[in-house]
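Whatever this is, show me its structure:
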Amino acid sequence: MAGALGGAGANRAAGAWRALDSPVAGDRRLLGCPRRWLRRPAAPKKIADARLLVEIKAAMVRGRGAYGSPRVLRELRAHGVRVGKTRIERLMRQNGLQARQKRRFVHTTDSRHERSIAANLLDRDFDPTAANTGGLAT
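The predicted model follows:
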């Protein structure tokens, strides 16, 4: 049986037919359930999803990984791909595609220190008498 199908899925297919040696499987054979399901080609939607997934990954690469599903959708529609929002969300979710999270803003200024504060040389005098004299000559 495995030799007839060949390839990597041969053992899996043979195991599936061994599982069909149950009483329920006998009923299936009596009803004329074909063996074609083992060699059935991929469904057209699965093929279209695979092609669309390639487009989604390309859009994410163009966006340097920062694009989530709304921006991927806009990008694909700009390239002429007709697709719905939920389909993109589903494919991204099923394939673990997520946008990079923005970094959190880190405050680097420490205003609660004991060191002296620099002198206020301008003293809010924004109209000096001559050019380039702010803070130098008072």
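
Run through the chain and note the low-pLDDT ranges.
Per-residue confidence for the chain (pLDDT under 70) gives these ranges: 1-38, 125-126, 128, 133-138.

got the domain boundaries for it?
8-38, 44-94 (automatic domain parsing).

which residues touch the spatially closest residue to I56 that is not a sequence neighbour?
Once flanking residues are discounted, I56 sits nearest to V72: 5.6 Å by C-beta to C-beta, 6 or more residues apart in numbering. C-beta here means a position set from N, CA and C on the backbone, and glycine is covered the same way. Counting by C-beta atoms under 8 Å, 6 or more residues apart in numbering, V72 touches I56, A59, M60, G63, I88, M92.

out of these, which are buried?
Buried members of these, counted by 16 or more other C-beta atoms under 10 Å: I56, A59, M60, I88, M92.

Now go through the residues you listed and say which are in helices.
Members of the buried ones among the contacts of V72 lying in helices (criterion: DSSP state H): I56, A59, M60, I88, M92.

List just the nearest of those to K102.
Nearest to K102 out of these is M60 (C-beta to C-beta; 15.6 Å).

Does the closest one touch Q98 like I think?
No. M60 is beyond contact range of Q98, at 9.4 Å (criterion: C-beta atoms under 8 Å).

Run a quick neighbour tally on D127.
5 (other C-beta atoms under 10 Å).

same question, E55
Counted with other C-beta under 10 Å, E55 comes out at 17.
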